[in-house]
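Asks: Structure for this input, please:
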Amino acid sequence: MSDRQHEAIDRGWEAVVATARRTAAEGLVVGTSGNVSVRIGDTVLVTPSGVPYERLRPEDLTGVDPEGNQILGKLTPTSELPLHLAVYRNTGATAVVHTHAVHATAVSTLVTEVPPVHYAAAILGGTVRVAPYARYGTPELAANMLAALRDRTGCLLANHGTVTYGTTLDEAYDRTAQLEWLCQVWLAASSVPGRSPSLLTEDQLDEVGEALKGYGQR
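Replies: Numbering: from 1, shown residues only. Down below sits the predicted model:
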């Protein structure tokens, strides 16, 4: 491995740890739940299983190849490794964030799609689907997730949590935060007795999706 590759791996690991700690600090996970990964070339850096994020050090770097064979570090990768690898194999993702966010997990027990109460849904590609339940760490869960992610950059896992991806960890994390907020808004609006939230149409979400293509700084 060249010095440049070593530097990229080290920076990637720093970003993985920082993002994992951010999920805990902002209440999207509890304890060692959830996991984060980033792909650098043919190496996937991923949080290890069962290690509190605040205890992760540079020497705890954990990496696998696209088939899941461990090539860096000695700590066992997250049990949700099949989920992360499935995203990388089937999308253009270079970063994945999985959380157990409270409001999103609650919504995953109530509906098969997150009701589009806000145009933030367009940030994830449209109405967010809920993948049917399967035990964590299983190929079945990964397959259910991929179906829910079709044409989307995020989904809910029934009775479990969230999965989002992006071209950077910042982008993947922002999509997680937006998804959790969207679920919180729907839960708040739908809890008002005798009232039902108004929902955006598919055409309205598509319109926002087109507008977002030109959003932000060039």
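
Asks: any low-confidence regions in the chain?
Replies: 1, 215-218 (pLDDT under 70).

Asks: Please, where are all the strands along it?
Replies: Using DSSP state E, the strands of the chain run over 35-40, 43-46, 63-64, 70-72, 95-99, 130-131, 154-157, 161-166.

Asks: Contacts made by the second one with the rest, please.
Replies: Counting by CB atoms under 8 Å, 6 or more residues apart in numbering, the neighbours of strand 43-46 from elsewhere in the structure are 9, 12-13, 16, 35-39, 61-66, 71-72, 77-78, 81, 84-85, 88. (Each C-beta comes from the backbone N, C-alpha and C, glycine too.)

Asks: let's see it at 6 Å
Replies: 12-13, 16, 37-38, 62-64, 77-78, 84 (CB atoms under 6 Å, 6 or more residues apart in numbering).

Asks: Please, where are all the helices along this structure?
Replies: For the chain, the helices defined by DSSP state H occupy 3-25, 81-90, 102-108, 139-148, 169-190, 202-212.

Asks: who wins for proximity to T127 among the ones you listed?
Replies: helix 202-212 (6.9 Å; CB to CB).

Asks: Can you give me the buried ones in that closest one?
Replies: 205, 208-209 (16 or more other CB atoms under 10 Å).

Asks: ok, so of these, who is nearest T109?
Replies: L205 (23.6 Å).

Asks: Not counting its neighbours along the chain, what's nearest that closest one?
Replies: A122 (4.9 Å; CB to CB, 6 or more residues apart in numbering).

Asks: isn't the one you found right up against G209?
Replies: Yes: counting by CB atoms under 6 Å, A122 touches G209, with 4.4 Å between them.

Asks: follow-up on the earlier one: for L187, find the nearest of the strands of the chain.
Replies: Distance to L187, taken as CB to CB, is lowest for strand 154-157 among those, at 12.8 Å.
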